[in-house]
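Novice: I need the structure of the sequence given here:
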Amino acid sequence: MGQNDIRAALESIPLPVTVVTVGRGGVENGLTVSWLSLASFEPAMVLFSIDKRHYSEELIRSTKTFVVNVLGEDQKKLAGHFAQQAIAGEDKFAGLKTSETPSGGKILDDALSWLDCEVEAIHPAGDHLIVVGKVLDASVKKEGAALTTASGIHYRKSKP
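Specialist: Numbers count the residues shown, from 1 in each chain. Here you go, the predicted model:
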């Protein structure tokens, strides 16, 4: 079994495709995250994985908060938009309808649901970091099936 076999087996596990928004006060970013899972019901917690080299890692550490926006199965284009690397000064949210969580995080108004989270822990895991967040608030905005990697969507960060 080689690395290609391992990657193919790992990619066969269906996962939700979400947009995690980070930052506050005009210094914000959104990134497509497809490595997200529930971590606990009591207290409510989620975890996701982010490449150690991703510039949003600094925003997560500095603000100690993030918002998970769960996408619907018809939002592949939106997932692709947030999967792109941002150019310095680019506003990925331009033209999108957004609102704020009670703590000031950014919600994508077209998302199925959102979870406003406070960072509980960040753990190294190979070339990624596992970010564990306590859910402070959440809402289901509309009914629908969530977008998952089972639809053939797999995003990879290119090498810097």
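Novice: list the contacts for the most centrally placed residue in the chain?
Specialist: Nearest to the geometric centre of the chain sits Val20, at 3.0 Å (C-alpha atoms, centre = their mean). By C-beta atoms under 8 Å, 6 or more residues apart in numbering, the contact set of Val20 is 30-31, 33, 36, 48, 50, 56, 66-69. For the C-beta atoms, the positions are set from N, CA and C on the backbone; glycine is no exception.
Novice: what of Gln75?
Specialist: Counting by C-beta under 8 Å, 6+ apart, Gln75 touches 110-111, 147.
Novice: let's see 10 Å
Specialist: 17, 19, 69, 81, 108, 110-112, 144, 146-147 (C-beta atoms under 10 Å, 6 or more residues apart in numbering).
Novice: coming back round to it: partners of the residue nearest to the centre of the chain in the sheet?
Specialist: Leu31, Val68 (DSSP bridges).
Novice: against Ala9, how distant is it?
Specialist: 25 Å (C-beta to C-beta, to the nearest Å).
Novice: ok, Thr98 next?
Specialist: Taken as C-beta to C-beta, the span from Thr98 to Ala9 is 37 Å.
Novice: neighbour count winner among these two?
Specialist: Neighbour count, other C-beta atoms under 10 Å: between Thr98 and Ala9, Thr98 has more, with 16 against 10.
Novice: next up, the contacts around the more buried one.
Specialist: 21, 28, 30, 69, 105-111.
Novice: any of these buried? List them.
Specialist: The neighbour count (16 or more other C-beta atoms under 10 Å) marks 21, 28, 30, 69, 105-108, 110-111 as buried among those.
Novice: so where's this protein uncertain?
Specialist: Filtered on pLDDT under 70, the chain yields the residue ranges 1, 86-89, 152-160.
Novice: let me see the ranges of the helices in it.
Specialist: 3-11, 56-63, 76-83 (DSSP state H).
Novice: would you format those as CSV with distance to Lys92 included?
Specialist: CSV is the format used below for the helices of the chain (distance: least, C-beta to C-beta, whole Å):
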stretch, distance to Lys92
helix 3-11, 25
helix 56-63, 11
helix 76-83, 6
